Structures are given as structure tokens and as C-alpha cells.
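> Give me a model of this one.
(chains A, B, C and D)
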Protein chains: 4
Amino acid sequence: MVTDVCVVGAAGYAGAELVRRLIEHPKFNLVAITSDSDAGRPLADLYPSFTGQSDLVFLPHNAPEIKKCAAAFLAVPHKAAMAMVPELLDAGVAVFDLSADYRLKDAEVYEHWYGVEHTSPELLEQVAFGLPEIFRADLNKIASNRLNGKAALVACAGCYPTATSLAAYPAVEAGWVQTPVYVQAISGVTGAGRSANERTHFCHANENAEAYGVATHRHTPEIEQILGIPGGVLFIPHLAPLSRGLLSTVTMRLTSEAAAGFDLQEAYDHYHKFYEKSPFVQLMPLGTQPRTSSVAGTNRAQVGLAYDERTQTLIATGAIDNLCKGAAAQAVQCANIVFGMNETTGLEAMANPV
Amino acid sequence: MVTDVCVVGAAGYAGAELVRRLIEHPKFNLVAITSDSDAGRPLADLYPSFTGQSDLVFLPHNAPEIKKCAAAFLAVPHKAAMAMVPELLDAGVAVFDLSADYRLKDAEVYEHWYGVEHTSPELLEQVAFGLPEIFRADLNKIASNRLNGKAALVACAGCYPTATSLAAYPAVEAGWVQTPVYVQAISGVTGAGRSANERTHFCHANENAEAYGVATHRHTPEIEQILGIPGGVLFIPHLAPLSRGLLSTVTMRLTSEAAAGFDLQEAYDHYHKFYEKSPFVQLMPLGTQPRTSSVAGTNRAQVGLAYDERTQTLIATGAIDNLCKGAAAQAVQCANIVFGMNETTGLEAMANPV
Amino acid sequence: MVTDVCVVGAAGYAGAELVRRLIEHPKFNLVAITSDSDAGRPLADLYPSFTGQSDLVFLPHNAPEIKKCAAAFLAVPHKAAMAMVPELLDAGVAVFDLSADYRLKDAEVYEHWYGVEHTSPELLEQVAFGLPEIFRADLNKIASNRLNGKAALVACAGCYPTATSLAAYPAVEAGWVQTPVYVQAISGVTGAGRSANERTHFCHANENAEAYGVATHRHTPEIEQILGIPGGVLFIPHLAPLSRGLLSTVTMRLTSEAAAGFDLQEAYDHYHKFYEKSPFVQLMPLGTQPRTSSVAGTNRAQVGLAYDERTQTLIATGAIDNLCKGAAAQAVQCANIVFGMNETTGLEAMANPV
Amino acid sequence: MVTDVCVVGAAGYAGAELVRRLIEHPKFNLVAITSDSDAGRPLADLYPSFTGQSDLVFLPHNAPEIKKCAAAFLAVPHKAAMAMVPELLDAGVAVFDLSADYRLKDAEVYEHWYGVEHTSPELLEQVAFGLPEIFRADLNKIASNRLNGKAALVACAGCYPTATSLAAYPAVEAGWVQTPVYVQAISGVTGAGRSANERTHFCHANENAEAYGVATHRHTPEIEQILGIPGGVLFIPHLAPLSRGLLSTVTMRLTSEAAAGFDLQEAYDHYHKFYEKSPFVQLMPLGTQPRTSSVAGTNRAQVGLAYDERTQTLIATGAIDNLCKGAAAQAVQCANIVFGMNETTGLEAMANPV
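Model prediction:
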């Protein structure tokens, strides 16, 4: 049985990646893609890699095809998502929202960081957070809700929170670390989106590294929520000259209790056990570190661990492709779970070895 | 039914790409990979993208597993290939050779350009040239030979000859063009191989464009052989700072006969018809040009056409991924044909849209 | 004695490069920079490399300071330049125009390729073409005109014409070659300017090579004019993922007369003699090829030669930095000559060795 | 008066950059360059940017020319430097050592981190640390020593310690911060040197970000020594795909005393005052962050500040060109001081604006 799905907001980078994933998916059938600004244009016009591979044409967001789908993937900006989601849920469409609108459980925190009023806070109780390795149980609950005819809404995790949490969660959840947790991350330029501006100009981004949004980036509260340490994260993103790839380096000072007799191999074993049922997370052998290029173009994540005895600090690193595990492919992973398929369906591909 | 295969010379870039393709292939079963210099090392050690995806360990080239395979993919340097092929064929192994050793039909031409004696020239008559879009009939013949228990040897086309010929062949074969045909191409750095040297150093290749091997590159006679114009090609390769991707721009002055009343749309239609049964070649709409990034990581090729009335010159451009359509994936495409499968088996993936 | 100068249109890439050159120049004194769209903003705001180095603020184009300068460097688009030049010349300002408006001697050719009417064709007779290595005599004449109180207008050469002509001119002028001359060039992305659009987006340009403007690029007639072969050039530019650098590869079929007994060393010697008084042109040893990175950030050009006996074709390659020798620094070189200074004043810096 | 100088170990990247700087320097006269492995080869052979600019040929390290120089710049690896320095000092040559051999005041710390015995620990007392913005007084002392005929030895700071200390020192020295201080840095690939290996291969470094040497990098004790907090630094370097550029992001938790009523503008003013006599350090306006490309190819550093109230953490960022301010140009800056010149002599150039 094939499930009809659509991508709302398919002209952006995450949207286009979703389109690719869904065209290649053996069980989902992509029937509609939308973009208000590009309505009427063929997909291959915007993204020539689809030339000869797909005849899809952008529809407007309000195209009637959308509500006929079993699932809608939303890759529109925050606020725009909120404006569509309640109606889609009412129409019985399962929604996988890649925006930030339903990620934060507390509407006040959302309103503080995003500066807009939340127009459907009542949905925040029933949403599942789309980071399967940590919240798989919540996604399974949405799956059974869906079978029972209830609304199915998944707020897919952001790119930085995904890489950061996969690296830090097992340690934080085990109670090993003090706050603040310091998160420094490096993102490729696809993270800045398709919009052409000074920051995304080749000649600005090329041959350059820089920090941005220091201590003010909106992924901060999302990371804190996942890790369960409100007010406990300092997040510093950086931009580097690569297209795809996100590396998060998390420095976590151990509590004096945890530091006493801390054993890195035991920590490694703890992580290993934590991820043993997560096919997309690969723990790197101790002494090696993840490379973003090893996961580029895939839904995989690599996680590395190191320990500095001198400062009693655990360093966890997480590498993902920001558009894949950090956005589009992870949304498909969530949808696989919600639709009762194997989590890896359509997402098995490995990265280019070089 | 699953067919056991191996990759001989799997530590290089084309070899590693073959390994990835064959692990993902639904019908071929990769049972052995070899490298004399890295024998004993796990694959994931050299190429960390395989971490957690494959437990394969490099065997030496002479491992007995090789001859038990139905097919061997050879990604060793020229001369090394020649030293292995006859024995493998004798053992009944179908050989897909990515080296130059069996590409040139005339052993003297080979010896002139490669400076080594050909040690099995008798095989040159029975080899098929591995460029399916142009020599599919020869590959089909090898397929039936194989079923009849005869030796099956395919000399897979080089990267520059593949992109160049896909762009130029329909025009040259139609008799439209004068010689010399001028070929200028741009290659990504994976084309220079895994060997770490001054040329492949990041800081040498980055932020630089340069020509190399001007008029002396060994792919020249291979292009001439495919196009059927011995002595008629000037080939000028360039290096640019990208990892994967090869763009060949071919300038072909028309004969005065062909120039009289030349119509670009008709030429386009001729190309279209020529490639209508070739699922991996995509002709770009007139007025647009192929982009290497649109085919990176795939077995696809994009071809573009333009005409300059002022100089009566047809310009054909061909874009491929040098490691995929230009090497490993094309070898798998050839093997698919020789083993009676659909040409596209295991090679359907599209490029990253961005 | 210090000469007051200004840059009109300083917010673009060539303009900003001019500003840098003129700030560092020992004899020119940069007193004003203009940009209508950025008027009022500090230079360092747009280009943070000037932070702490310059307090200049953009003025509007019509700022009165402009006409008080001894020289104005114009880095505005074509058509905009034409609208300003006559008035500046009337005010006694020497004008170094980086646009295309006064490059083509024949107003009809200009109008054909640029699609706009020429509003001051009478100036075309008195303009000098700003490519000192080939037209130094014309620049010297402007220098003496200036001393005699006459208008001084220099139309600085375009980037592709500069690299192409430095490579091809000595051979074409010597009568060795047939037409058409085929020019294929690779440009860095600064060549596409500061405007942020799909083409200049990092994620579009990165990891990609593509041809563009095939046979239709407006630098075609400029190259033909310099080489003296109207209708005789096919020009095919390509974009590659580097910021600065332009490599032009020119394939020139020899006349049968020239081919008979052609000697590459003699050709080399001819080139060497041709450039012996040109400090910025460096002929590469035979057997080596220029690298764009060897001249990046400088006013230098490297030229390479090779010969293909088989097709009787001379290959000349020219490497420059498109923003320096291809635009801003060459304009300063022209100004040095027109103001009676040593041609190399302020332009001596070498490229980063790596 | 011109001072004869030489570069020992000129074939590596820092050495070649020194050569460029010294050729362009108005007061130093570069008379000899050495490389044991490349002795006899012309400089332009290894670094084609010198083609036509310099006829220098590599001499062996023990060439007699070296000891006749007033100053020697040593760009050989650690241990190799130690083997040469005492003899050079005895010969009256002022030594600017770019290796780590004389940077650490405590020979035991050196031996612990570098795993080799220190063969001239007696020199550690008289060496000046080559980071003028922080240790200018020590360099001035060496200058007067030199005039008095005493040995002059400068241990030039490492690249990571330079960027990190310029960012962190004013805050640490003021007693505002707790330990541990967390240092995360991103370096371009020139930092890995000229040696061609897997890590420096274009196809390994391109499109990738990764951490390396986590908590074990040898620059750790050097940073601790400069900041005066032994055992108080955790240092995590990363590699990103750029050639030149180093960004250090330092997170410093304030003491509760300092945090009470901390005012970022006051901190900024403190930094501003600290660097008011340091022409190469540029403090970025609050709200903006340094970009490595803004200082590439120059001896400049940009420093940025931000404060996170939530975690009471001060974030200081420092951007330099690792080969210039992080190595060769800073050595020249030190030499300028030691030879009584203006600190900026020969180092005034600004970065490419784009």
C-alpha cells in the first residue's frame, strides 16, 4: 500500500531535500509540492538535478491536493507553519512540521525567543518531538493515535539541537554533568537557507570562518528542553565554507561526583547501550572523531567522545548533514515510525566515501 | 539469485566508490575487497563513512576468494590490471577493468601513450568497451558470451572520454564536424586519486584553476577511438577546486555542408533520439547548460548543446561525476548489462538537489 | 606630490578592490567613495576588512567632491558610466572607466551586444584602451594629453579580454593563427559581482563547474577588437568554485604556413621579447602552466604556452586575478601611466605563496 | 641601512610566507633560504607565485651564509630548531624561532607535551616570547640586549595561542574569569603544513568539518602559560575547508564577583584600552564578530566580545591568518621591534576586501 504525501514549502533547501527523499521512498507517494512564490514553475527549473527525474510543478500552498494527502511535510518558516497546521490536522492529515512552531512545549518560551504570539498553544500538549533516538516512545504514541483517528503532529527537531543532543543527551540524562553546558557548532552554508543574501554569497562564505548569533541563537531553548536543563546551555554557532554538514562540539564539566573515578570506556559503553536500537547513530571508536563528510547526504549521525582529566570535562561531538538528519531525512524517519514502517525505509543510503 | 563479486584495488577512490555501490546493490553480493598495501586493515579505517556500515577488511590481491567470484571489478593501475586479467578470465571470472589496459583496440597506440608493452594483446579483440550509451550492443554480446561460458572482459571507459563522448558522439558520428575537435575539460580533485601529493594537497588545489597535461593526456587516444577520428582530437584538461565532478566542453567546427542551414533544434532532436533508450543521459533544455553538481554522486550525465553561427561551431558540454559515471558506477552499469539485469539496478539514486 | 582621487561605485567588488589599492597607494590620495544605494554607510560596514583601517563613508554619486578630484575611477555598471563620463571630463577629471561603455571603438558593435544606445560616441575616438601591455603607447598619449589640459579617458579592459589577450595577442598579431580562435575560460565567483542571487549563492557555486553565456558573452567583441579579428572568436566562459582567479585557455590552429617548421621555443622567445618591458606579465617555463592562485590578489599575469603537433594547434593560457589585473589593479596601473608614475607604483605585492 | 637576514626551513608554508614577507620588506634584505630536502632547487619551482619575482635557490641548512646574517628566521620543526639555535646565537645571529622549542618556560612541561628532552634549557631564561601585544616589554628588552651585544632569541607564539590569547588575555589578566577556560578553534588547512598526507588531501579536507587533537593538542600548555592559568585550559581544535584563517572562540565563565553587575560595554572599553597601542589588533564593534577572511594574508587580528547573562559567560573570539599573524608575519613584527624599527614596517597591507 502506498501513502500519498505532499511537501508544503518545497522550494527551500529542506523542502527540496524532502522532495528528493520522498521521490526515492518506496512506500510514500509524493503527489504535490507547494511554493507560493514559485507556483507554476517546474521543480527541475529551480533544482536542475531533477531534470528528467521528476515532472512535478509547484502548486500554491492552498492547493486542494494538500488536504487529500495522508501526510504533509511542512518546510515553511515558523509562523507560516502555525497558520496551516490546525486546519491540516482537522482535515485528518498527519503533519510533520520542520519549523520551530511546535518544538517548544512552553508557549511563553516560544514567544520570548521567536517574538511572535503562539496561535495554537493547545496543540503543544499533543505534539511529539521529532528526534526518534531520544523520543521514540512519543512517536510510537502518535503512530497509535493516528490509527485511532486522532490528530498526528510531529515537530521535527532543528539541525543544531539534533547534533548537539545526540552527542550530549546520554551524559546529561545520566546526571554526570554540571551546567552550564557549552555548545559550539559549525554549520555548512545550506543551514542558512536558499535565500540569496550577503551571508550566503559564495565570496562572503568561502575561505572564511566566523561565529554568529553568539548566545542569542533560537536553537538554545530547544537544546535546553531536550537536555532538560532550562537556562543551562550556552550555544555558539559558527559558519564554515562547506555546503552540507554540521558538527556540534559539546563541553560538559563533570560533577565532582561523576569525575571521581570517571572512566571513558564506561562512558562509551553507556552511550553504546543508549544507541543500540538506533540504526542511524554511529559511535566512533575512542580516539577518533566524527567527520561531517562521512554522513553528508545521509540520515546518519556520528558521535565521538573524549575526556580531559585535567579539567574534568567530557567532550562529546556529533556530526550530521544539517539538511538530512538535521531536517528532511529525519522528518521522513519520523514519518516512517508514525506510519508503522521500519524506521530506515528509504533512508539506507551511505555517504560518498570521499 | 545473488551474484558474488569482489573489488580488486578497493583502497583507491574508484575502488571505494565501487565498494559503496556494490554494498548497496540488491543483486550483487560483495564478498571480498583487496589492497596489497592495506591488507588486513578494515575498510572503515580508511574510509570512515563505512563505520558501522561494513565489516569488510582488505585482503591481498592474490586472496583465493577472488577467483571464486562470478565477477571481479578491477580498480588497480594500468599494467597491474594486465597482470591479473588473463588468469581471472581463465578462472571463469567476468572482469570489469577500470584501468586503461584494454581500452585501446590497437596495442601499438597503447604502447605509444602508456610507454609499456601490452602483455595480452590477444584479448583486445574480445573485450567490450564499457560505455553503454554508445557500445551497448558490444556489452550485450559479452552478456551472451558469458552465458555460453566464454570469457567476459569489459574495459570500462575513462572519466574524460565518458563525458566528452556523451557530449560529442552523436554529432561526430552524424558527420557534421571537422577535425580537429577541441576538448577542454574541468575535473574535480578526486580525479587525481587518493595519492597524497603536492597536486592533491588542499592548499594547492583550493582557490586555484589550472590546465595540466596539455595535449599530452593519455585519454586523448581513447577519445579519438570512441569518436572514430584518430589524430583528430586536442584534449586540454583542467583542475578546479571541487571534489567530484567533470565537465567536458567540446568545440566542433561544422563542415561547410553541415553548417549550411544548420538548425540547433534539429541537432537537439537528433541527440534526443540518440539517447532515448539511455536512462542515465539527460539532455538539457536548449539555452541551459549542465552543472556537475546536478549529477554528483550518481551515474547520470547531463549534456548541453549550443551553436555559434558566427564561427559555425557546435558546442557540446557533458557533465558527470568522475568517480561514478566516470568510473565506479559506470562499471556497475556495465555489469548489470553483462549479468542480464536492468541497466539501472542499484544506480537509481538522484543527486543532492543542493 | 599627492593626487586626489575618488572611486565612483565603490560598493561593488571591483570598487572595493580599487578602494583598497588606492588607500595603499603612495601617490594617490583617496578622498571620496560613492554608492547611491549605500550612501551614508561606513565602508567598514560593508567590507569588514576595512575595520580600523579606513573611516571612509559612502557618498552619493553626485557628491561635489568627485569633480574636485584629479582622477575618478568608475566602477559603476555600463550605461551608468556613460551617463557620468562626459561631465567628469568637462570638469577636467581624468576618468578610468571600468565599465564596457567606452571599450568598443564602434558604437554599433556596442549597441548590438549591449542593447543600449551609446550616448557619447564622439568620445570613442579619444579614449585609450586600458590594457597597458598591448596599448601602452595609447596610454602614454593620454598622459601627454592630460598634461596639455585635454580630456583623459581610459576604458579599462574587461577581465576575460585581459587574460585572453595577454595569452593570445603575440601569436595572433604575428599572423600565425587561423580563425576562429577558440577561447575557453574559467572564472572565480567574484567575477559575478556582489549581487546576491541564485548563481552567486555559496551552495549553488560550491562543488560545481558549469559553462554559461556560451557564444553570447559580451566580452566576445572586446576580445575580437583587441586581437584584430572581428567575428573570429568563439568565447565560452565557465564558473568554478573559487573566489578570485581567471584562467583563459586559448586554442589557436596555426596557418599551414606557420605550422610548417613551427618551433615552440621560438614562439616562447617571441612572447618573451613581446613582454620584456611588461613587469606584470610572467611567461611560465615551457612544460609548466600558470596557476590562478599564483597571481591572486596581485596585478600580475602568468602566461603559458604549449603546442600540439598532431593538430597543429598552439595553446596559450593566461592566468590573472579577475578583480586585480582584470579590473581594479589594472585601472591603477593605467592611472600610474597617465599620471607619469612608474607603472608598478603601489602594485608590487606578490601573491600568497600558498 | 639594510639588515641581511635568512630563512632556515624555507620550504614549508610558514617558511615560504616568511620569504615573501622578507622580499617585500623595505629594511630586511633576504640573502639566503634553506631546506635540506630541497637544497639546490629554485624557490619558484616549489612556489610558482615567485616565478619572475625571485631567483633564490634553496641552500642546505648548514650553508655558511646563515651565520653571516644579522638575523635568522627559523621555520624548522621543533627539536630541529633546538639543534641549531645555540650555535646561531653564539655566532651573534639574532634568532626568531617559529618552532615550539623555546616557547615554554618550564623545560619539564616542554618535555611532557613534546616527548623529547630539552637540550638547551639554559636559554629558556633569556628568551622573549614573541607575541608583541602582550609581551612587548620583553621584546624591547631583547632589542636593547642586542645593541649591547648579547644574544637575542625570540620564541614566536604558535598560531592557536596567538588568536586565543589576543581574545582572552585582557579578561583573564583582569581576574574576571574562572577556570577552566574552554577554547574551541577552527583552523584552515595551511595549519597542517605542506606535508601531503591523508589529512591534507583536498578530498579529505574539502566539504568537511572535524575536531582533532581533542584535549591533547600541544598548544594547550602554551595558552596556559600566556594566560597564567596552568592546568586551566581545555583546548579543542577543529579543521575546516579553508586554506588560511584561524578563529578561536573562548568561553570564560565569570567569577561570581565579576558577574555581579558585569557590563559588556565596560569590558569592551577595557579591551580597547588594552590594545590602544597595538596597531594590528582590531576590536570589532559590539554585536559583530570577526571574520577570518577579513585578516587573511595580513598580520592583523580581529577580536570580538559577547556576554551571555544566562550562563554568566564571556565569549571572546579572535581571528587571524594562521600563517601570518599566527606565524611568519608575527615573526617579522617581532624582528621589527628587536631591530628598532616601527612594528608595522613591511606589514601594512590590508586583506582582500572580498
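
> Run a quick neighbour tally on the nearest residue to A:Thr298 once chain neighbours are set aside.
Leaving out its chain neighbours, the residue that sits closest to A:Thr298 by CB to CB, 6 or more residues apart in numbering or on different chains is A:Ala351, at 5.0 Å. Just so you know, the C-beta spots here come from the backbone N, C-alpha and C atoms, and that holds for glycine as well. Using other CB atoms under 10 Å in any protein chain shown, the number of residues around A:Ala351 comes to 24.

> what are the ranges of the helices in the stretch 151-300 of chain A?
A:159-173, A:202-205, A:219-227, A:256-259, A:264-274 (DSSP state H, counting those that start in this stretch).

> interface residues of the stretch 251-354 of chain A facing chain D?
A:251, A:253, A:289-293, A:296, A:304, A:306-308, A:310-311, A:313, A:315, A:317, A:319, A:354 (CB under 8 Å from any CB of the partner chain).

> restrict those residues to contacts with chain B.
A:Pro290, A:Arg291, A:Ser293, A:Val354.

> how about JSON lines for the residues you listed, with neighbour count and distance to chain C added?
Below are those laid out as JSON lines (neighbours: other CB atoms under 10 Å in any protein chain shown; distance: CB to the nearest CB, whole Å):
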{"residue": "A:Pro290", "neighbour count": "28", "distance to chain C": "21"}
{"residue": "A:Arg291", "neighbour count": "27", "distance to chain C": "16"}
{"residue": "A:Ser293", "neighbour count": "28", "distance to chain C": "11"}
{"residue": "A:Val354", "neighbour count": "25", "distance to chain C": "13"}
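
> Just want the angle from the helix or strand hosting A:Ala331 to helix A:159-173.
For A:Ala331, the element it lies in under DSSP states H and E is helix A:328-338. Angle of helix A:328-338 versus helix A:159-173, following axes from the mean of the first three to the mean of the last three CA atoms, to 10 degrees, is 60 degrees.

> ok so, going back, out of the ones next to chain B among the residues of the stretch 251-354 of chain A next to chain D, which sit inside strands?
Among those, the subset assigned to strands under DSSP state E is empty.

> Farthest-apart pair in those residues, please.
Using CB to CB, the pair of these lying farthest apart is A:Pro290 and A:Val354, separated by 15.9 Å.

> mind listing what A:Cys203 touches?
C:Tyr13, C:Val189, C:Thr190, C:Arg194, C:Thr200, C:Ser243, D:Val354 (CB atoms under 8 Å, 6 or more residues apart in numbering or on different chains).

> Looking at per-residue confidence, what score does the residue in the stretch 101-250 of chain A that chain B sits nearest to get?
For the stretch 101-250 of chain A, the residue positioned closest to chain B under CB to the nearest CB is A:Thr190, at a distance of 6.1 Å. On pLDDT, A:Thr190 comes in at 97.

> Could you find the closest non-adjacent residue to the closest residue to chain D within the stretch 51-200 of chain A?
For the stretch 51-200 of chain A and chain D, the shortest gap (CB to the nearest CB) falls at A:Pro180, measuring 3.8 Å. Excluding the flanking residues, the one nearest A:Pro180 by CB to CB, 6+ apart is D:Thr311, at 3.8 Å.

> give me phi/psi at that neighbour?
Dihedral angles of D:Thr311 (phi, psi; degrees, to the nearest 10) stand at phi -110, psi 10.

> and the gap between it and D:Arg253?
7 Å (CB to CB, to the nearest Å).

> Common neighbours of these two, please.
Contacts common to D:Thr311 and D:Arg253, judged by CB under 8 Å, 6+ apart, are A:Pro180.

> Point out where chain A drops to low pLDDT.
Counting by pLDDT under 70, the ranges of chain A that qualify are A:1.

> change it to 90
Scanning chain A with the threshold set as pLDDT under 90 gives A:1-2.

> Could you chop it up by domain?
A:3-156+A:327-338, A:159-320 (automatic domain parsing).

> Pick the most buried one from these.
Mean neighbour count (mean count of other CB atoms under 10 Å in any protein chain shown) peaks for domain A:159-320 among the domains of chain A, with a mean of 22.

> Distance from the chain centre to it, please.
13 Å (CA atoms, centre = their mean, to the nearest Å).

> For the nearest residue to A:Val172 once chain neighbours are set aside, give its distance to chain D.
Once flanking residues are discounted, A:Val172 sits nearest to A:Leu227: 4.7 Å by CB to CB, 6+ apart. For A:Leu227, the distance to chain D (CB to the nearest CB, to the nearest Å) stands at 13 Å.

> Isn't A:Leu227 up against A:Ala168?
Yes: using CB atoms under 8 Å as the test, A:Leu227 is close enough to A:Ala168 to be in contact (6.1 Å).

> which residues are common contacts for those two?
Joint contacts of A:Leu227 and A:Ala168 (CB under 8 Å, 6+ apart) are A:Val181.

> And the strands in chain A, which stretches?
Under DSSP E, chain A gives strands at A:3-8, A:28-34, A:58-59, A:71-74, A:94-97, A:128-130, A:153-156, A:181-187, A:210-211, A:233-239, A:246-253, A:281-283, A:301-308, A:313-320.

> what's near enough to touch A:Ala10?
A:Ala16, A:Leu18, A:Val19, A:Ile33, A:Thr34, A:Ser35, A:Leu43, A:Phe58, A:Ala75.

> A:Pro161 too?
Counting by CB under 8 Å, 6+ apart, A:Pro161 has contacts A:Leu131, A:His219, A:Glu222, A:Ile223, A:Ile226.

> Give me the angle between the helix holding A:Ala331 and strand A:301-308.
110 degrees.

> How far off centre is helix A:328-338?
Going by CA atoms, centre = their mean, where helix A:328-338 is centred and where its chain is centred differ by 10 Å.

> Is there proximity between that helix and chain C?
No: using CB under 8 Å from any CB, helix A:328-338 never reaches chain C; the gap is at least 14.6 Å.

> hmm, that helix touching chain B?
No: figure legend: helix A:328-338 not in contact with chain B (CB under 8 Å from any CB); closest approach 9.8 Å.

> What residues does the residue nearest to A:Pro180 make contact with?
Taking CB under 8 Å, 6+ apart as the definition, contacts of D:Thr311 comprise A:Thr179, A:Pro180, A:Gly231, A:Gly232, A:Val233, A:Leu234, D:Arg253.
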